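**Q** Quick one: sequence plus predicted model below, questions after.
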Amino acid sequence: MTAALDDIELDRGPRRPGAERLCVATRTVRPVAQLIRFVVGPDGEAVPDLKHKLPGRGVWVTATQDALSDAIKRKVFARGFKREVRLGTDLIERTERLLQRAVLDALAIAGKASLVAAGFTKAQAALGQGEVVALIHAAEAGADGVEKLNAALRRSPQRAPVTVIGCLTSAQLDLALGRPNVIHAALLAGPPSDTFLARLRRLQRFRTGDLGQEAGHAVAN
C-alpha cells in the first residue's frame, strides 16, 4: 500500500489525459485536470508546470489558492519531492499569473482563428446570428453597454447556454486580441474557444476555491 501511495504522490514525468494523482496538500486523489503539477527547477526551486510537460519528477496540488497556500505552510513540497525544495515567496502569485497568461494565450489563438467578434457592434451582430458561446465584457466596461449586450443575448436564438465573462481588463483583451480599446467581444464556437473557456474556469477555480461537484477521493496517510 505504501508503494502505491508513493507512486501516485510522486510522478516520474508528464501524465496522460484522464490520469489521477494525489494532492500532497489535501491527500485527495483527483483527475490531473483539477490539479497543478510542480517540478523542481535547475536552481532547486519548485515551479508550476501547467502543461504537464516539464521533465523530471513532479508533485501535484489541488488547483486552488487555498490548497497551494496550505501546501506551502505545511512544507509538504519537501515531503512530496523527498528532498529539500526552495519555494519562492511569490509562488502563489506567480502561479496565478501563469494561469492568467494561459487564458490570454488561448484567447489570442481564438482571435487568430477568427472566433472573436471584438467591439460592441460586432458582438451584437454575432448574438443576432446565434453562434456565440461566450460574451466578454471588460472589467471596466460601462453599465449601459453591458446591459444592452446582455439584453441582446436574452433575445438571441442561442441553442446552448452562453458564458458571460467580466473578469478580464480592457488592457488584457487588447493584448490578447492585438487591437486597442476592446471593451466588448463575442466568442464564437470552435475548439480554440473551448480551450479558452476551460482555462478560464481553471483560473476562476484557483481564485475562488470552488471545485463544484468534481470528483475526488481522500487517501489516508
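**A** Now that the structure is in, tell me what you want to look at. Residues are numbered from 1 along each chain as shown.

**Q** Specify the residue ranges that define each domain of the chain.
**A** Listed domain ranges for the chain are 2-88, 97-207 (source: automatic domain parsing).

**Q** confidence score at Gln204?
**A** Note on Gln204: pLDDT of 94.

**Q** Now do the same contact list for it.
**A** 167, 210 (CB atoms under 8 Å, 6 or more residues apart in numbering). No exception for glycine: its C-beta is placed from N, CA and C like everyone else's.

**Q** before we move on, the earlier item: can you tell me which of the domains of the chain the model trusts least?
**A** With a mean of 84, domain 2-88 has the lowest mean pLDDT of the domains of the chain.

**Q** chain center to that domain, what's the gap?
**A** Distance of domain 2-88 from the chain centroid (CA atoms, centre = their mean, to the nearest Å) equals 17 Å.

**Q** Please save the CA atoms from stretch 43-51 in CSV.
**A** Output of stretch 43-51 as CSV, limited to C-alpha atoms (Å, rounded to 0.1, in the frame of the first residue of the first chain):
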residue,chain,number,x,y,z
ASP,A,43,18.1,26.0,-9.2
GLY,A,44,16.3,23.8,-6.7
GLU,A,45,13.1,25.9,-6.7
ALA,A,46,9.6,24.5,-7.2
VAL,A,47,8.0,25.8,-10.3
PRO,A,48,4.4,25.3,-11.7
ASP,A,49,4.1,23.0,-14.8
LEU,A,50,0.7,23.9,-16.1
LYS,A,51,1.0,22.0,-19.3
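
**Q** List of residues touching it?
**A** Stretch 43-51 has contacts (CB under 8 Å, 6+ apart) with 36-41, 54, 58, 77, 81, 84-88, 91, 94-95, 98-99, 102.

**Q** do that again at 7 Å, thanks
**A** 36-41, 58, 77, 85-88, 91, 95, 98-99, 102 (CB atoms under 7 Å, 6 or more residues apart in numbering).

**Q** Report the buried residues of it.
**A** 46-50 (16 or more other CB atoms under 10 Å).

**Q** Over to stretch 65-78?
**A** 65, 67-68, 70-72, 76-77.

**Q** cool, stretch 188-206 as well?
**A** For stretch 188-206, burial by neighbour count (16+ other CB under 10 Å) applies to 188, 192-193, 195-197, 199-200, 202-203, 205-206.

**Q** cool, and stretch 51-63?
**A** 52, 54, 58-63.

**Q** So for that stretch, first residue to last residue, what's the gap.
**A** Length of stretch 51-63, first residue to last, CA to CA, to the nearest Å: 13 Å.
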